[in-house]
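**Student:** need a structure here:
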Amino acid sequence: MLLAVIASALLTASPASAAPARVDLQGTLEEVHAHTRSKGTSGWMLSTRAGRRVPLLLARDRVPRSGSQVRVQGIRWRSSVLVQKLKKLPGGVVARASVAPRGELKTAVVMFNFTDDRSRPFSAEQVREALFTGQRSANAFLSEESHGAVSLAGRDQPDGDVLGWYEIDASETACMGTNWDWLDKANAAVAAAGKSLEGYDHVIYLHPATTACAWSGIGALGGDWSVFNGEIALWLTGHELGHNYGFEHAGKAYCVDAENRPVAVSSNCSVGEYDDPYDIMGNRQQRRSSVIRQLQAGWLPQANVTTVTQSGAYTLAALEHRLDATQGLRIPRGDGRSYWLEFRRPAGVFDDFAPGDAAVNGVTIRLADDGPAAVTELIDTNPAGPKGAHDEPLAVGRTFTDAKHGIQVTTHAAAEAGATVTVTLGPVAAVEEAAVTPAAAPVPVAPAPAPAPAPEPAPAPVTTPAPSPAAPKTTSMLGNEFISTAEAESRSPNSVLLQAISARRGSARVAVGLLRTVDGRALALGRGRVPRLDLRFRPTARLLSRGGSLRLHARSRRGCRAEVLTRTTGGWRRIARVDVGRRFREATVALPAGALRRVLDVRVGCRRAPQALDIDAASLISA
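**Tutor:** Prediction:
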């Protein structure tokens with residue numbers, strides 16, 4: 001994935017004896033998402049004032065908004081920077097992370113290939129059809145879901161500017177180049193051909209598919225660029241352009257009760273970040289974005305979303321058309337998050353639901369943070385249904401109950417005229433979530449206006465309520481590729497978190513650790529002094545079965561020792577130990593095959609003097 005590129009650079013960095021180069025850079029912070037057909041990951045980059053893009057390795061929960069102007073200080077390891085200090089500079093956010101652009105967006109596609117792969121898998125006309133002119137092109141999709149507010153066109157040609165192919169001086173074997181310079185070289189090739197990329201709202205880069213890049217495409221959140229790895233299908237192009245508009249992913253909540261039975265909502269939930277089948281920001285279904293995103297973009301009038309503050313009956317018109325009617329319900333939970341309700345009907349090219357699909361026979365419920373929405377969470381109101389059945393919406397006659405927050409929703413009707421629900425606020429009986437209950441007497445549905453586009457211009461984007469303060473989260477930067485995050489225990493203020501980055505070195509699967517103190521002081525693989533390093537995490541299946549080694553590039557002025565312990569039924573058992581010397585060197589702790597259990601604890605401590613341990617790098621390598 002994207003950060004695996006960074007990790008690979010770390011693993012092949014300068015020898016242990018060489019001091020890492022320190023850097024001090026300023027520029028625009030960009031959150032970058034990378035995706036395959038089934039999963040993805042995210043990371044951070046700095047777009048410097050000199051026009052370069054530099055991958056950053058840092059703790060995600062400590063990062064300002066994408067598009068912020070920042071100063072980065074840290075250590076350079078090949079093409080990336082291990083961030084030790086990150087400071088937000090004065091000035092507003094320059095990225096489109098809260099408001100999608102409007103109108104005709106000037107877009108260029110730059111096609112390039114490599115010294116060891118001069119293939120041209122697509123013609124200019126094929127690319128133009130996929131991005132600009134085809135019935136199921138990215139342009140057609142964006143125009144349909146924005147109700148005509150957005151379209152893609154070329155600066156020079158109305159039907160789209162497709163440039164190249166350009167042959168750059170780079171190998172396909174190092175993803176994005178040794179110094180992340182593929183795009184720089186592609187831009188130089190465009191200039192050498194007498195063309196300019198000035199005046200474009202979007203620049204899309206396309207190259208032949210290479211296995212060196214584990215992703216199909218990447219896009220900057222709120223940015224103006226994206227890269228496609230030999231793929232131009234709509235599931236990818238529409239998704240990455242959505243990120244360029246500031247849209248985060250559309251996920252699905254998976255909840256269980258105290259007996260580990262699946263339920264619609266509980267205090268024990270995980271989120272599948274790409275599992276919403278009714279939103280292009282979720283899985284590979286090319287459906288229009290949810291009411292949350294359309295409101296965020298300003299494509300839906302604020303007046304068309306009703307915030308529920310009292311119990312009663314509410315009617316929802318279908319989301320597919322611009323109407324003078326309620327098309328979304330927001331039900332605040334009182335904890336900085338809200339439920340969002342919407343209703344859909346078969347319409348247009350992309351919301352071509354079958355008459356029996358759950359989305360058009362019930363009300364879809366999502367959970368999202370108030371304020372600028374992060375990942376949205378689809379609520380499965382039929383959690384006991386078959387896997388992959390796409391039956392999450394609340395069907396007629398069913399009731400969804402969130403007893404903890406005093407919210408109950410019942411669907412009474414879902415038809416061409418609209419959907420009718422009853423919302424009950426206040427104490428409710430703690431029943432099984434989304435249980436089938438007898439429907440109340442149907443509430444008459446007011447006739448919905450004809451689905452004709454509204455002539456008035458779209459309103460200004462809505463500002464949603466600010467979220468309630470929340471404790472920092474230790475969030476993986478690698479999504480599904482994430483190997484482990486150590487949960488620091490409160491017993492020691494000097495505990496450190498390990499965030500692992502998955503990479504491959506030869507045939508070995510490797511994780512490189514990112515160290516960060518609980519109180520926010522960064523030790524991001526850079527040289528920093530800590531009296532004690534305590535990492536707790538779950539090893540990979542490969543490490544469990546084959547064993548491996550923990551490697552520390554560290555030094556100690558006196559008496560420091562690294563230990564690896566594993567949890568057994570009788571408590572913690574030490575399986576390896578190594579002393580850390582006075583000079584920087586790589587100290588290796590062997591992890592025998594068959595000796596590991598599901599939880600490992602790595603402890604590095606100094607017996608006498610505090611502040612005696614310098615950690616420069618740590619890696620966990622499977623055999």
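**Student:** any idea how far R333 lies from Q310?
**Tutor:** 15 Å (Cβ to Cβ, to the nearest Å). C-beta: built from backbone N, CA, C; applies to glycine.
**Student:** okay, the two: which has more neighbours?
**Tutor:** Remark: of R333 and Q310, R333 carries more neighbours, 16 against 8, as counted by other Cβ atoms under 10 Å.
**Student:** Tell me where the chain has helices.
**Tutor:** 2-11, 124-128, 138-145, 182-192, 234-244, 291-297, 541-546 (DSSP state H).
**Student:** Would you mind giving the ones you listed as TSV with mean pLDDT added?
**Tutor:** TSV is the format used below for the helices of the chain (pLDDT from 0 to 100):
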stretch	mean pLDDT
helix 2-11	35
helix 124-128	97
helix 138-145	95
helix 182-192	94
helix 234-244	92
helix 291-297	91
helix 541-546	64
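**Student:** and those helices as JSON lines, adding distance to I379 and mean neighbour count?
**Tutor:** As requested, those are exported to JSON lines (distance: least, Cβ to Cβ, whole Å; neighbours: other Cβ atoms under 10 Å):
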{"stretch": "helix 2-11", "distance to I379": "30", "mean neighbour count": "24"}
{"stretch": "helix 124-128", "distance to I379": "38", "mean neighbour count": "16"}
{"stretch": "helix 138-145", "distance to I379": "22", "mean neighbour count": "23"}
{"stretch": "helix 182-192", "distance to I379": "39", "mean neighbour count": "17"}
{"stretch": "helix 234-244", "distance to I379": "21", "mean neighbour count": "25"}
{"stretch": "helix 291-297", "distance to I379": "13", "mean neighbour count": "25"}
{"stretch": "helix 541-546", "distance to I379": "31", "mean neighbour count": "16"}
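**Student:** just so I know, which of these lies nearest R398?
**Tutor:** helix 291-297 (20.1 Å; Cβ to Cβ).
**Student:** Using PDB, write out the CA atom coordinates for the closest one.
**Tutor:** In PDB, the C-alpha atoms belonging to helix 291-297 read as follows (Å, rounded to 0.1, in the frame of the first residue of the first chain):
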ATOM      1  CA  VAL A 291     -27.100  12.600   1.900                       C
ATOM      2  CA  ILE A 292     -24.200  13.400   4.300                       C
ATOM      3  CA  ARG A 293     -21.700  14.000   1.500                       C
ATOM      4  CA  GLN A 294     -24.200  15.800  -0.800                       C
ATOM      5  CA  LEU A 295     -25.000  18.200   2.000                       C
ATOM      6  CA  GLN A 296     -21.200  18.600   2.800                       C
ATOM      7  CA  ALA A 297     -20.600  19.400  -0.900                       C
END
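**Student:** counting contacts, what elements does it pack onto?
**Tutor:** strand 328-332, strand 337-342 (3 or more Cβ pairs under 8 Å, 6 or more residues apart in numbering; DSSP states H and E).
**Student:** and the angle from the shortest one to strand 337-342?
**Tutor:** It refers to strand 328-332. Taking axes from the mean of the first three to the mean of the last three Cα atoms, to 10 degrees, one finds strand 328-332 and strand 337-342 inclined to each other by 160 degrees.
**Student:** Packing partners of strand 328-332?
**Tutor:** helix 291-297, strand 305-307, strand 312-316, strand 337-342, strand 418-425.
**Student:** Most tightly packed of the ones you listed?
**Tutor:** helix 291-297 (a mean of 25; mean count of other Cβ atoms under 10 Å).
**Student:** can you list the helices of the chain in CSV and add distance to R337?
**Tutor:** Below are the helices of the chain laid out as CSV (distance: least, Cβ to Cβ, whole Å):
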stretch, distance to R337
helix 2-11, 28
helix 124-128, 41
helix 138-145, 25
helix 182-192, 37
helix 234-244, 22
helix 291-297, 12
helix 541-546, 34
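**Student:** Of the helices and strands packed on helix 291-297, give the one that comes closest to D352.
**Tutor:** Checked against Cβ to Cβ, the stretch from the helices and strands packed on helix 291-297 lying closest is strand 337-342, at 17.1 Å.
**Student:** What pairs with the closest one, parallel or antiparallel?
**Tutor:** Here strand 337-342 is paired, per DSSP bridges, with strand 328-332 (antiparallel), strand 362-369 (antiparallel).
**Student:** hmm, back to that, now tabulate the helices and strands packed on helix 291-297 in a markdown table and tack on mean pLDDT.
**Tutor:** Formatted as a markdown table, the helices and strands packed on helix 291-297 follow (pLDDT from 0 to 100):
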| stretch | mean pLDDT |
| --- | --- |
| strand 328-332 | 97 |
| strand 337-342 | 96 |
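**Student:** looking at the ones you listed, which is closest to V363?
**Tutor:** Closest among the helices and strands packed on helix 291-297, using Cβ to Cβ: strand 337-342, at 5.3 Å.
**Student:** contacts for the closest one?
**Tutor:** The contact list for strand 337-342 (Cβ atoms under 8 Å, 6 or more residues apart in numbering) reads 290-292, 316, 319, 327-333, 363-370, 376, 379, 402, 407, 409, 421, 467.
**Student:** quick one: it to strand 312-316, angle?
**Tutor:** Going by the same axes, to 10 degrees, strand 337-342 makes 50 degrees with strand 312-316.
**Student:** What angle do strand 418-425 and strand 337-342 make with each other?
**Tutor:** 160 degrees.
**Student:** For strand 337-342, list the C-alpha coordinates in CSV.
**Tutor:** The C-alpha trace of strand 337-342 is given here as CSV (Å, rounded to 0.1, in the frame of the first residue of the first chain):
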residue,chain,number,x,y,z
ARG,A,337,-22.6,12.0,16.6
SER,A,338,-25.9,11.7,14.7
TYR,A,339,-27.9,9.2,12.8
TRP,A,340,-28.7,10.2,9.2
LEU,A,341,-31.7,8.8,7.3
GLU,A,342,-32.3,8.8,3.6
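**Student:** ok, longest strand in this structure?
**Tutor:** Assignment by DSSP state E gives strand 21-35 as the longest strand of the chain.
**Student:** pretty sure G426 contacts H405?
**Tutor:** No. G426 is beyond contact range of H405, at 10.3 Å (criterion: Cβ atoms under 8 Å).
**Student:** Comparing these two, which shows the higher neighbour count?
**Tutor:** Neighbour count, other Cβ under 10 Å: between G426 and H405, H405 has more, with 16 against 9.
**Student:** Only whichever of the contacts of strand 337-342 are buried, select them in PyMOL.
**Tutor:** Entered in PyMOL, the line below selects the buried ones among the contacts of strand 337-342, by 16 or more other Cβ atoms under 10 Å:
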select buried, resi 290+291+292+316+319+327+328+329+330+331+332+333+363+364+365+366+367+368+369+370+376+379+402+407+409+421
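**Student:** Give me the pLDDT for A18.
**Tutor:** With respect to pLDDT, A18 has a value of 38.
**Student:** again with A384
**Tutor:** For A384, pLDDT reads 85.
**Student:** So it sits against P262, correct?
**Tutor:** Yes. Between A384 and P262 a contact is recorded at 6.0 Å, counting by Cβ under 8 Å.
**Student:** In the longest strand of the chain, which residues are buried?
**Tutor:** Neighbour count says strand 21-35 has V23, L25, G27, T28, L29, E30, E31, V32, H33, A34, H35 buried, by 16+ other Cβ under 10 Å.
**Student:** Distance-wise, check the last one relative to G242.
**Tutor:** Distance, H35 to G242, by Cβ to Cβ: 11 Å.
**Student:** hmm, back to that, for D169, which of the helices and strands packed on strand 328-332 is the nearest?
**Tutor:** Short answer: helix 291-297, nearest of the helices and strands packed on strand 328-332 by Cβ to Cβ, at 39.5 Å.
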